[in-house]
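Novice: Sequence first, predicted model second:
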Amino acid sequence: MSNIVALECLCGTVKGKLDVVPGSFFHVHCLCCDCQSFASHLNNGEKILDKHGGSELFQTYPAFMDISEGQDKIGCVQLGEKGLYRWHTTCCNMPLANTMSSSKIPFVGVSVKLMQFVSEEKKMETLGPVTMKAFGKYSIGEMPKDAHPKFPISYMPKILGFMLKGMFKKKYNPSPFFNGKEPVAKVNVLS
Ligand SMILES: [Zn+2]
Ligand SMILES: [Zn+2]
């Protein structure tokens, strides 16, 4: 029982699909300063962030995501040596997803902006509501009432369970962002 959702960047060059598997994803908002820095690096903040500076993310396993067109328009930045790999399009400067810097971690945070839905209702039906808003202390203006100032501890066991299941089932592979151990694009480390 899963739903295939089409992925497409703003200009239509990068395309793919995502398998939405119930019980294997988190639909979240991240308000952290790194997500905001990434959006300003792409020089596209107003298209990427909501009014609080939040990014809408769909966190799932890399094996559920496929990029079938425009692979040569994939870029990657890292905000400092230890940061996440933040993948983006080079055609229209939109975020694609973030991953860990290791190809062996079963985690990808896909930008919901990429996901194509015929209507808001269909989106709600497929993804359900946002279940966590994290790092509210970095909100632009007033923090949304339903946000957590940092990261809710109650989420840790869920994330841990998700990671263990992903490791066990090797859901980190295949990934649209790694060929074996190697990232598919040069990683631009920002200082
Ligand atoms: Zn963030
Ligand atoms: Zn594009």
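Specialist: Yep, that arrived. Ligands and ions are numbered 1, 2, ... in the order given.
Novice: State the pLDDT value of residue 171.
Specialist: Looking at residue 171, its pLDDT is 98.
Novice: Tell me which residues touch the nearest residue to it once chain neighbours are set aside, please.
Specialist: In space, residue 171 comes closest to residue 61 once its chain neighbours are excluded; the distance is 3.5 Å by Cβ to Cβ, 6 or more residues apart in numbering. Quick note: C-beta positions are derived from backbone N, CA and C, even for glycine. For residue 61, the contact set (Cβ atoms under 8 Å, 6 or more residues apart in numbering) comprises 24, 106, 107, 108, 166, 171, 172.
Novice: What are the contacting residues of stretch 62-70?
Specialist: Outside stretch 62-70, the residues that reach it (Cβ under 8 Å, 6+ apart) are 7, 9, 13-21, 24, 74, 89, 91, 96-97, 99, 106-108, 110, 170-178.
Novice: Among the contacts of residue 61, name the ones in strands.
Specialist: Judged by DSSP state E, strands contain the following of the contacts of residue 61: residue 108.
Novice: Following element in sequence after the longest helix seen in the chain, please.
Specialist: In the chain, assigned by DSSP state H, the helix with the most residues is helix 156-168. Next in sequence after helix 156-168, counting helices and strands by DSSP states H and E, comes strand 178-179.
Novice: Does ligand 1 have contacts with stretch 37-48?
Specialist: No - contact of stretch 37-48 with ligand 1 is not found when judged by Cβ under 5 Å from the ion; the minimum separation is 7.9 Å.
Novice: Check the average confidence over that stretch, would you?
Specialist: 95.
Novice: Now that stretch: buried residues?
Specialist: Neighbour-count burial for stretch 37-48, counted by 16 or more other Cβ atoms under 10 Å, picks out 37, 38, 39, 41, 42, 44, 48.
Novice: what does stretch 66-82 give?
Specialist: Quick answer for stretch 66-82 (16+ other Cβ under 10 Å): 66, 67, 70, 73, 74, 75, 76, 77, 78, 79.
Novice: Fine by me, thanks again.
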